[in-house]
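Q: Here you go, sequence then predicted model.
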Amino acid sequence: MIRVAACQYHIDLHQSWETYAAHLTALCEEAAGQGAELLLLPEYAGLVLSGQLPEAERGDLHGSIAGIQPLLPRWLALCEALARRLKIHLQPGSLPVLDADGRYRNRAWLFGPHGCLGSQDKLIMTRFELEQWHIAAGSGLKVFDTALGKLGILICYDNEFPLLARTLAEAGVDLILAPSCTDTEAGFHRVRIGAQARALENQIAVLQAPTVGLAPWSPALDENIGRAALYVPSDYGMPASGVLAESAELCPRRSRWLIAELDLDAVRRLREQGQVFTRRDWPRQFDDGRLVLR
């Protein structure tokens, strides 16, 4: 049994490093103080760093991501220090990172009690990211082998594509972290439905953390809506809905943690003792002409 925490992360303006660092520290201490071993913040949570830039720069779509690059080492060091001190696993959301090829990629790191465990890039970009923001897609999937179990990260839109989660499941991942950032209720539900479907198909768990609130000072994070949730297969010992836990409000006025107990052993047992074997039966859809139109 592990205790996980997913943050409905309110996008607030922090205009100095000290204010931001105090904010992130207090937020992580709050969840860790309730016994959470794994903390998940949403997609683009790291972009809140742009609040420290001059008003004109943080209000510019492209200037804001260029401006936060010098802050990146300090941010990574803060996240690592929090994970070490609080003895937690921390996925502090994602942010755009400028790579050596001159392109930005949406990257999420995972930190553990003993340091950084690596990162995962977003693989499939939304229209906004591609057409307006010019964020490039990453490549490859990473399995994070931790004391809590094998974890994977699928950032927001990536949860809407079944083969990404399937690849992680076949590599032994039991829990997918799904940091998300959506500006409409429809967008939130697209990611939510995708995340829950991935839990059903692969008989695994998926933890989602969204951004919430209005941030008129940021052209990238101006509107945010969503619920945090923990999804599991709808089967023996699990909620009939497949929703193990879900935050009550769609858009709270401040950041809130959803904290839940997750029994990964119980989820694994469903693959051998469940009412259905969706994970085992996955290959059957490709056999015996089942995909042939008649």
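A: That came through fine.
Q: Show me where the stretch 151-294 of the chain has its helices.
A: With helices called from DSSP state H, counting those that start in this stretch, the stretch 151-294 of the chain shows them at 162-170, 185-202, 264-273, 278-281.
Q: and these as a markdown table, adding mean pLDDT, distance to residue 8 and mean neighbour count?
A: C-betas here are computed from N, CA, C, even on glycine. Formatted as a markdown table, the helices of the stretch 151-294 of the chain follow (pLDDT from 0 to 100; distance: least, C-beta to C-beta, whole Å; neighbours: other C-beta atoms under 10 Å):
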| stretch | mean pLDDT | distance to residue 8 | mean neighbour count |
| --- | --- | --- | --- |
| helix 162-170 | 97 | 23 | 17 |
| helix 185-202 | 96 | 11 | 20 |
| helix 264-273 | 95 | 23 | 16 |
| helix 278-281 | 93 | 29 | 14 |
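Q: what about these, which gets the closest to residue 251?
A: Closest approach to residue 251 among the helices of the stretch 151-294 of the chain is made by helix 185-202 (9.0 Å; C-beta to C-beta).
Q: Identify the residues contacting that closest one?
A: Applying C-beta atoms under 8 Å, 6 or more residues apart in numbering, the contact partners of helix 185-202 are 154, 156-157, 159-162, 165-166, 169, 176, 178, 180, 182, 204-206, 208, 210, 225-227, 229, 231-234, 242-243, 250, 278-279, 282.
Q: so how far is that helix off the chain centroid?
A: From the chain centre to the centre of helix 185-202 is a distance of 13 Å (C-alpha atoms, centre = their mean, to the nearest Å).
Q: And stretch 17-31, by the same measure?
A: 19 Å.
Q: List the buried residues for it?
A: 20, 21, 24, 27, 28, 30, 31 (16 or more other C-beta atoms under 10 Å).
Q: Okay, and which of the residues you listed map to helices?
A: 20, 21, 24, 27, 28, 30, 31 (DSSP state H).
Q: nearest to residue 70, of those residues?
A: Nearest to residue 70 among these, with distances taken as C-beta to C-beta, is residue 20, at 14.1 Å.
Q: Please name the nearest non-neighbouring residue to that closest one.
A: Excluding the flanking residues, the one nearest residue 20 by C-beta to C-beta, 6 or more residues apart in numbering is residue 14, at 3.9 Å.
Q: Now for that neighbour: which residues touch it?
A: 20, 23, 48, 51, 52.
Q: Just the pLDDT at the first one, thanks.
A: By that I understand residue 20. We have a pLDDT of 98 for residue 20.
Q: any idea how far it lies from residue 286?
A: Distance of residue 20 to residue 286, computed by C-beta to C-beta, to the nearest Å: 49 Å.
Q: Same question for the third one.
A: In this structure, residue 48 and residue 286 are 43 Å apart, going by C-beta to C-beta.
Q: which of those two has more neighbours?
A: Comparing residue 48 with residue 286 by other C-beta atoms under 10 Å, the one with more neighbours is residue 48, at 26 against 9.
Q: Tell me who's in contact with that one.
A: Contacts of residue 48 by C-beta under 8 Å, 6+ apart are 11, 12, 14, 20, 221.
Q: For those, point out the one with the lowest pLDDT.
A: Among these, residue 221 has the lowest pLDDT, at 92.
Q: show me where the stretch 151-294 of the chain has strands.
A: In the stretch 151-294 of the chain, the strands defined using DSSP state E, counting those that start in this stretch lie at 175-180, 205-214, 223-224, 229-231, 243-246, 256-262.
Q: For beta bridges, what are the partners of the most centrally placed residue in the chain?
A: By C-alpha atoms, centre = their mean, the mean C-alpha position of the chain lies nearest to residue 179, the distance being 1.7 Å. Under DSSP bridges, the beta-bridge partners of residue 179 are residue 209.
Q: Please report the distance of it from residue 24.
A: For residue 179, the distance to residue 24 equals 15 Å [C-beta to C-beta].
Q: same thing with residue 95?
A: Distance, residue 95 to residue 24, by C-beta to C-beta: 13 Å.
Q: and what of residue 71?
A: Distance, residue 71 to residue 24, by C-beta to C-beta: 12 Å.
Q: Next: residue 259.
A: Per C-beta to C-beta, residue 259 is found 18 Å from residue 24.
Q: Residue 124 now?
A: As judged by C-beta to C-beta, residue 124 and residue 24 stand 28 Å apart.
Q: How many residues are close by the residue nearest to residue 89 when sequence neighbours are not counted?
A: If the residues on either side of it in the chain are set aside, residue 89 comes closest to residue 38, at 4.6 Å by C-beta to C-beta, 6+ apart. Around residue 38 there are 24 other residues, counting by other C-beta under 10 Å.
Q: swap in residue 39?
A: Residue 39: 27 neighbours (other C-beta under 10 Å).
Q: With that, I have no additional questions.
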